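A.B. asks: From the sequence below, what's the structure:
(chains A, B, C and D)
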4 protein chains.
Amino acid sequence: MNHSRSARVGVIGGGIRGGMFARALQENPQSELVAICDRSPGVLSAMVAQLGVPGYASTEELLAAHPDLDGVVIATPDFAHREAAVLCAQAGLDLMIEKPLATEVDDARAILEAADAAGVRVMVGFENRWNVRYSAVRTRLGADGDPRISAQIINLNDTIFVPTEMLSWSSKSSPAWFLMPHSLDLACWIGRTHPVSVYAVGARDRLTEAGIDTWDRVNAVFTMADGSHVALNSSWVLPESMPSVFDFRYEIQSAGQVVHIDGADDGVIVYDAQRGQLVQSAVHERAGRIHGVPIDMVGDFVRLLRGEPVDVPDARDGLLITAAIEAVHTALETGDVVSISV
Amino acid sequence: MNHSRSARVGVIGGGIRGGMFARALQENPQSELVAICDRSPGVLSAMVAQLGVPGYASTEELLAAHPDLDGVVIATPDFAHREAAVLCAQAGLDLMIEKPLATEVDDARAILEAADAAGVRVMVGFENRWNVRYSAVRTRLGADGDPRISAQIINLNDTIFVPTEMLSWSSKSSPAWFLMPHSLDLACWIGRTHPVSVYAVGARDRLTEAGIDTWDRVNAVFTMADGSHVALNSSWVLPESMPSVFDFRYEIQSAGQVVHIDGADDGVIVYDAQRGQLVQSAVHERAGRIHGVPIDMVGDFVRLLRGEPVDVPDARDGLLITAAIEAVHTALETGDVVSISV
Amino acid sequence: MNHSRSARVGVIGGGIRGGMFARALQENPQSELVAICDRSPGVLSAMVAQLGVPGYASTEELLAAHPDLDGVVIATPDFAHREAAVLCAQAGLDLMIEKPLATEVDDARAILEAADAAGVRVMVGFENRWNVRYSAVRTRLGADGDPRISAQIINLNDTIFVPTEMLSWSSKSSPAWFLMPHSLDLACWIGRTHPVSVYAVGARDRLTEAGIDTWDRVNAVFTMADGSHVALNSSWVLPESMPSVFDFRYEIQSAGQVVHIDGADDGVIVYDAQRGQLVQSAVHERAGRIHGVPIDMVGDFVRLLRGEPVDVPDARDGLLITAAIEAVHTALETGDVVSISV
Amino acid sequence: MNHSRSARVGVIGGGIRGGMFARALQENPQSELVAICDRSPGVLSAMVAQLGVPGYASTEELLAAHPDLDGVVIATPDFAHREAAVLCAQAGLDLMIEKPLATEVDDARAILEAADAAGVRVMVGFENRWNVRYSAVRTRLGADGDPRISAQIINLNDTIFVPTEMLSWSSKSSPAWFLMPHSLDLACWIGRTHPVSVYAVGARDRLTEAGIDTWDRVNAVFTMADGSHVALNSSWVLPESMPSVFDFRYEIQSAGQVVHIDGADDGVIVYDAQRGQLVQSAVHERAGRIHGVPIDMVGDFVRLLRGEPVDVPDARDGLLITAAIEAVHTALETGDVVSISV
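C.D. replies: From the prediction side, this is the model:
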């Protein structure tokens, strides 16, 4: 693209995340939100009214109407990235795709191949890489050349609000698909390694009782390429009395160091008449603009579109995580230790 | 025994724990410390001087000199319980044996069989069962008849001080043998279930470099008889800058509840010129007497000896934990999921 | 008294605390609960049914019926200690009186004088002195001969449940009378000093709106005899969503050390469907008996009655705290710095 | 100024903060760092080498050489703001001045009057107003129109490293001058009120022993214009073993809510062989640029210079805090409750 002008971007998917990305693109001085897309007429008209840009019911229509886009943000439900991603890649657009890249290895591979064939770039929204508390740890542990991380133990949970009220498509997901892409990508990025095998156990109980046919909880142990281990524990049926909708406790053991991270605690807790709540500021407004971790991530996508150098997770990272989480589900079903390869 | 008199008890093993048990027996108004035993002449003479009771270099000598004992506390190193336990059982004495009962299933079984043959009782020192914070949780989770615990995740670590300086026999032990009997027995007791299989990974790195041929760290996932899971993470090479020599973080997920326990934090931290330290009071002195969790445990052994009703972990509990930890080591060596049976 | 028999004790006041003390006296092998007293016929008959000892509507009746008592525990409301205490002292009985000794200096002085005249001992229930976490800190800070404590900052709060639902007589009390005897006695005992002047501010707002004519909150700064300072902050209108009915955060700054104490946190938090709650075990049951901090306090009163040496807070400690808290209220009313003398 | 070009800014004072501000101005796309000034030739030449802009030994020289500046950042030691500020104001430049505005009311008033006379704007560097965790709380507590904050208790401490090693001029400062401008401005801003009187106590002990003639610790209680109270506790002799060079614990009690803030804890703690340390990210680098709270503050100064609307603390806020802290010192010396007026 011509670097002297703003990057022209469309957003596909009008949920919480898509709406936030669209707003961030409007507020970013180096990008222009050109158009949006959502299958649901109600969601789409609300977004159009709020954002003041044209809206389309399908990716094809959006692409047809706006042949001059530079890139697209894809924020459809986790299992529904493939179609939009392949179409946009074939149209020559760079892509930012929400994590996980896909919930089947076939889909992830199809996206990767379409992007490679078209010569476009894919950035995957592993948002934690933009969170200062994690990048500070990564910098510190890599400072001596050899971090020699031995083990990472990550408990990332959601309250039962998420699968029962927040997501309409939780039965097509699981704690592994919804939560572990966050924790596993972080473990790979901080540990500078990747998983080669996994053992996993889990429970199906409360959600199936509630008519949502998926796992309540998954506990997985990964062996990594460098011989280290990553233990991931994720439930999404925790009680709603927890002080935050998510609970993220992360321990890293390296030679001579141990790091404890509380990812949900920004140092502020408020007790009111009803409950105690952690006040979080990962996304916040200041002087009428939205700021924070996902906004910085969108900023890097805009830089990527403008040809500036950025260091972002790509489709191969996305494929790897998809393959690893698919292997978790195989391990859950078989009870075996499952190899991971891509 | 005649309930109107004190229980007459010997202590075998004069380490930190044996010395503490001996003192507790002296201070308990319903017991009498009769004699002690340690293989090391130096340790033995120091104990004799301190406690003012006869000391012996071997279990045989102690038993020969004191035919009127009611019971014996065995606090030899973890791997060295069998000989003393079998001899004392054959002499008709009830036994309190430090956890783990043994570090080989054969040893555990031999102790159990000797005790059964002699008709004596064996109490295993799974001390956490006497800790109010754990018994309060057990009571609470069992209150409704059906606790439905789904998962337990226990991180129990030691600093590298323990295997390199505190223990002379760490190469004959491991994080699994030294730490997991605590966490696994707790998980069984609170969950009212027992393990049926295990997968485990680990690292051998810093201790082998330091000439101590054992594991630095073990991460194990147990499937329990009731379908729940227990994930245990134990390292004993954590940095000595930690605020406590141990680090015990325990999460229990049941239907509708989650419990977070910090077992190392008694609510007090002191920072002095050199370091920050958690001040713990699990063992403390008051008015010249020693009090606390292990002292209450000894108190229950005295009650057992006096014929009072007590609810304590027995040799079968000890055998089960020994079999489970042995299975952890098999899993570590083979990379397979290993069945546990006793 | 004859040391070979149990101490014979009566309890005056049948509230939560009086009932607990009565039970503790029944379960203590060295004491006998002889009789109880409460003005309320309903409370009294319930206690009599539960404890199986005679009950009386007045102190006079109890004393007349039981001339052979050794001591009495007085657990009437804070403002109502004087009459019972003076009568019992005149009857020659040693006394354990709940904190504060009184809510007027005149009352405290009358109790002290009656006790001195009769030659009886008075023990005041400053319960924190029996709490291991505080005694551990006191021992540590006094270890070098000169603790040189410079400042103590204690936030001790209650939720609004306490003045609006738990206490029927909160309008006759205040955060200063109800909470600061705990924190101020602790500061005196750990700091080995006493207050000489105080400045205080406060608020009257929510409780007066609710028809309870007393302070919501008091903040006081004491200058101590050794030149150190003690800042006490106490509100009793905190939201009921707090994880514990009380909130106790205590910081001690000495030369070269700082101690942080969380007095409400015993290391266990449970989140259920409704709320998060700290699980506390300062009072707990084990094997059918009640244990914990106040039970140990009663145990020392029994020892005192049996003539054993004990180190307990006495009437002069009680008078001092009463005078200091009375001075807090004078400071609140006048806005001046108020001297404290007894 | 002409809004189409960058704001042209000088920095006076080349310490840690001045250097950081200079870098922030260089990296901000809407500002140009024109020149710097420091009295110390060594400091100045190092800064010139690093930043590549002209350096001057005095404010006069800098102003003479650069008549086209838009504004100046003043980051001289706390007590040395007046001369530079008045000169620059008289030269018609807008000012950003580090907190506190001055350490004497006369100085603060002189700066305010010079700015008013010259018609320039003064922004005071009360940095916490740019910290998301505090602005989130301010927004929340003001949401209902009437926050009715009743009390604020703020413990803001430094380790002894700060007065003995970090600052060369600590004997001209105190915990009140160095720390309380942060906590008191925050209390005023969040509480939307200002102080009218103060009582204070303190200690002079360890620093005077070390030859630094100032206070170790100050405890102050402010009565605010709206009848609420603010208790500030600040020591700067805490042990260096603390996990952070500062310690910031803040409690806000409003009608029906209580907020607990830990200002030093960003959720990450690292234990290495020597010590445990909180990893903080209030200032951090990303993609070669410096980011964080003070950088956002400089950004607002650049916006102010460019004529954009900003909401920043001004010289009257600065004067008020200076008057209040001066009153703290009067209260420390006299033992009286001291009125505050400006």
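
A.B. asks: what's the most centrally placed residue in chain A in contact with, if anything?
C.D. replies: When Cα atoms, centre = their mean is applied to chain A, the residue found nearest the centroid is A:Lys99 (3.0 Å). A:Lys99 makes contacts with A:Val124, A:Gly125, A:Phe126, A:Glu127, A:Pro181, A:His182, A:Asp185, A:Gly318, A:Ile321, as judged by Cβ atoms under 8 Å, 6 or more residues apart in numbering or on different chains. C-beta: built from backbone N, CA, C; applies to glycine.

A.B. asks: same thing with A:Val312?
C.D. replies: A:Met123, A:Val124, A:Arg129, A:Asp300, A:Phe301, A:Leu304.

A.B. asks: interface residues of the stretch 51-200 of chain A facing chain B?
C.D. replies: By the rule Cβ under 8 Å from any Cβ of the partner chain, the part of the stretch 51-200 of chain A lying against chain B is A:Arg148, A:Ser150, A:Ala151, A:Ile153, A:Asn155, A:Tyr199.

A.B. asks: How far away from the center of its chain is the helix or strand where A:Ala35 lies?
C.D. replies: Applying DSSP states H and E as the criterion places A:Ala35 in strand A:31-37. Computed by Cα atoms, centre = their mean, to the nearest Å, the chain-centroid distance of strand A:31-37 equals 21 Å.

A.B. asks: And stretch A:174-188, by the same measure?
C.D. replies: 8 Å.

A.B. asks: So whichever residue of the stretch 51-200 of chain A sits closest to chain B: helix, strand or coil?
C.D. replies: Nearest residue of the stretch 51-200 of chain A to chain B (Cβ to the nearest Cβ) works out as A:Tyr199 at 4.5 Å. The three-state label given to A:Tyr199 by DSSP: H, G, I helix; E, B strand; the rest coil is strand.

A.B. asks: quick revisit: in space, what's closest to the residue nearest to the centre of chain A - neighbours in sequence excluded?
C.D. replies: A:Pro181 (4.5 Å; Cβ to Cβ, 6 or more residues apart in numbering or on different chains).

A.B. asks: which SS state does the residue nearest to A:Arg249 when sequence neighbours are not counted fall under?
C.D. replies: Nearest non-adjacent residue to A:Arg249, counting by Cβ to Cβ, 6+ apart: A:Asn155, 4.6 Å away. Classification of A:Asn155 using three-state DSSP returns strand.

A.B. asks: Isn't A:Asn155 up against A:His260?
C.D. replies: No - proximity of A:Asn155 to A:His260 does not meet the contact threshold set by Cβ atoms under 8 Å, at 11.5 Å.

A.B. asks: and stretch A:93-106, what's its mean pLDDT?
C.D. replies: Average pLDDT, stretch A:93-106: 97.

A.B. asks: Any buried residues in that stretch, and which?
C.D. replies: If you call a residue buried by 16 or more other Cβ atoms under 10 Å in any protein chain shown, then stretch A:93-106 has these buried ones: A:Leu93, A:Asp94, A:Leu95, A:Met96, A:Ile97, A:Glu98, A:Lys99, A:Pro100, A:Leu101, A:Ala102, A:Thr103, A:Val105.

A.B. asks: and the fifth one, backbone torsions?
C.D. replies: What it means is A:Ile97. The phi/psi pair for A:Ile97 (degrees, to the nearest 10) reads phi -120, psi 130.

A.B. asks: Neighbours of A:Asp38, how many?
C.D. replies: By other Cβ atoms under 10 Å in any protein chain shown, 25 other residues sit near A:Asp38.
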